[in-house]
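*Asks:* Structure for the following, please:
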Amino acid sequence: MNEARLRVRSCGPLVSYQDGGRFGMLRFGVPASGPMDRLAHAVAQVALGRPEGSTAIEISMGGLELVCESGEVTCCVAGGEFQVVHAGSAASPWCVRTLREGEVLSVRPGAWGSWAYLAFAGDLVCPQWTGCASTHSTSGLGGGMLAREAAIMVSNPLVAEAREGDLPVPAFARPRHLARVVLGPLTGQFDPAAMDALLGQGFAATSAYDRMGMRLAGPSLAPRDALSIPSEPIVRGSIQVGGDGVASILLADHQTTGGYPKVATILSSDTDGVSQLRAHDSLRFQAVDADEAIRLVRLHAQAKRRFLDEIARPRGTLAERLMRENLISGVVGGVAAEDPVAIV
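*Replies:* Alright, predicted model coming up:
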């Protein structure tokens, strides 16, 4: 079988295999998991001509360095503005490159962002659970976590020269410091002062942050009778408040039910940007009604679709790209027919 083999030289925590997500299982107590930043995960796939939900490696701020031991394969990095070094040369944080035998690829935290994605023009070989490769971080079920010396195998690898190059980073792919929310469903569990604090004061991300959720620093939102409500379903983006008044945002590996009151839910279009926040980054909330939320999510979906369609188009081989470019800045006129053309 045609394959490329890579090996992990160094690896931080929470580096895992993630595909598009494990859907339809919440009623059985199984989270969807999937990428923390769904946009960046999709970018890494479509830039290689792959389906959006294909398996990629999700890289945390612990970083990842791997070496290609055999074969060759084109890959794409997208997500936060991480430092990417390929074969000893710095590359753009969002880029498509081809890994060849003996070459090293390093992806480390850079100016902003908490998560990056490494996708391959081929099929990542990893375990599946319930037919899905997404790794549930607390149980380890799914494709699994990567560690130092782990082997990575890509079957049916392709070298896609026509797709190599740097990718643009749209504004809507950056961290969100203002998240739009729909209030509820348990706002009645909070005093008016707590609701005023939620929308009128600032919060900050903390280091208590993993794939399950992000604990916030900020004003207390202490609920009334916090332990008197029955457990109820939770979705990604729920803002849950404990009995101590501390708010937490639930993310990709969130539990499926919970008994703490949910004061609001972040729009699905904003959760990718919120997940790219780092400890001490600021965050504020803005309330919108359900109709406005639907409008905003649809606008985001349209912009995302246009961007993905744009980067899905191959750039062409090097020869084709050279033919499209005007590499001559000008010619000196007035030379005799028998004289060579002078190029400047």
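*Asks:* For the stretch 1-150 of the chain, just list every one of the helices.
*Replies:* Listed in chain order, the helices of the stretch 1-150 of the chain (DSSP state H, counting those that start in this stretch) span 38-46.
*Asks:* show me where pLDDT drops low in the stretch 1-150 of the chain?
*Replies:* When the per-residue scores of the stretch 1-150 of the chain are filtered using pLDDT under 70, the ranges that remain are 1.
*Asks:* Give the partner strands of the biggest strand by length in the chain in its sheet and their orientations.
*Replies:* In the chain, taking DSSP state E as the definition, the longest strand is strand 104-120. Sheet pairing here is set by DSSP bridges, and for strand 104-120 it gives strand 56-59 (antiparallel), strand 64-70 (antiparallel), strand 72-86 (antiparallel).
*Asks:* For residue 46, find the nearest of the ones you listed.
*Replies:* Using C-beta to C-beta as the measure, strand 72-86 is the one of the strands paired with strand 104-120 that comes nearest residue 46, at 8.9 Å. The way it works is simple: take the backbone N, C-alpha and C, and place the C-beta from them, glycine included.
*Asks:* The closest one: how far from the chain's middle?
*Replies:* What separates the centre of strand 72-86 from the centre of its chain is 13 Å, taken as C-alpha atoms, centre = their mean, to the nearest Å.
*Asks:* what angle do that strand and helix 38-46 make?
*Replies:* Compare the direction of strand 72-86 with that of helix 38-46 by axes from the mean of the first three to the mean of the last three C-alpha atoms, to 10 degrees and you get 130 degrees.
*Asks:* Name the residue closest to the centre of the protein, please.
*Replies:* The residue at the geometric middle of the chain, judged as the C-alpha nearest the mean C-alpha position with C-alpha atoms, centre = their mean, is residue 37 (2.8 Å).
*Asks:* what sits against that residue?
*Replies:* Contact criterion C-beta atoms under 8 Å, 6 or more residues apart in numbering gives 79, 80, 115, 117, 272, 275, 276 as the residues in contact with residue 37.
*Asks:* Report all helices and strands that the one helix or strand the fifth one maps to contacts.
*Replies:* Take DSSP states H and E as the rule and residue 272 turns out to sit in helix 268-275. When contacts are defined as 3 or more C-beta pairs under 8 Å, 6 or more residues apart in numbering; DSSP states H and E, helix 268-275 sits against helix 38-46, strand 178-183, helix 290-311.
*Asks:* Buried residues, the longest one. List them.
*Replies:* The reference is to helix 290-311. 293, 296, 300, 304, 307, 308, 311 (16 or more other C-beta atoms under 10 Å).
*Asks:* same for it, what does it pack against?
*Replies:* Counting by 3+ C-beta pairs under 8 Å, 6+ apart, the packing neighbours recorded for helix 290-311 are helix 38-46, strand 178-183, helix 268-275.
*Asks:* For residue 239, which non-adjacent residue is closest in space?
*Replies:* Counting by C-beta to C-beta, 6 or more residues apart in numbering, residue 264 is the residue found nearest to residue 239 once chain neighbours are left out, at 4.8 Å.
*Asks:* looking at this, the one you found is in a strand?
*Replies:* Yes. According to DSSP: H, G, I helix; E, B strand; the rest coil, residue 264 belongs to a strand.
*Asks:* Hmm, residue 185 and it touching each other?
*Replies:* No. Taking contacts as C-beta atoms under 8 Å, residue 264 lies outside contact range of residue 185: 9.1 Å.
*Asks:* most packed of the helices and strands packed on helix 290-311?
*Replies:* For the helices and strands packed on helix 290-311, the largest average neighbour count (mean count of other C-beta atoms under 10 Å) is found in helix 38-46, namely a mean of 26.
*Asks:* May I have that one as PDB, with CA atoms only?
*Replies:* Once non-C-alpha atoms are left out, helix 38-46 reads as follows in PDB (Å, rounded to 0.1, in the frame of the first residue of the first chain):
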ATOM      1  CA  ARG A  38     -14.300  24.200  13.200                       C
ATOM      2  CA  LEU A  39     -13.500  26.800  10.600                       C
ATOM      3  CA  ALA A  40      -9.700  26.300  10.800                       C
ATOM      4  CA  HIS A  41     -10.200  22.500  10.600                       C
ATOM      5  CA  ALA A  42     -12.300  22.900   7.500                       C
ATOM      6  CA  VAL A  43      -9.700  25.300   5.900                       C
ATOM      7  CA  ALA A  44      -6.900  22.700   6.400                       C
ATOM      8  CA  GLN A  45      -8.900  20.100   4.600                       C
ATOM      9  CA  VAL A  46     -10.400  22.000   1.600                       C
END
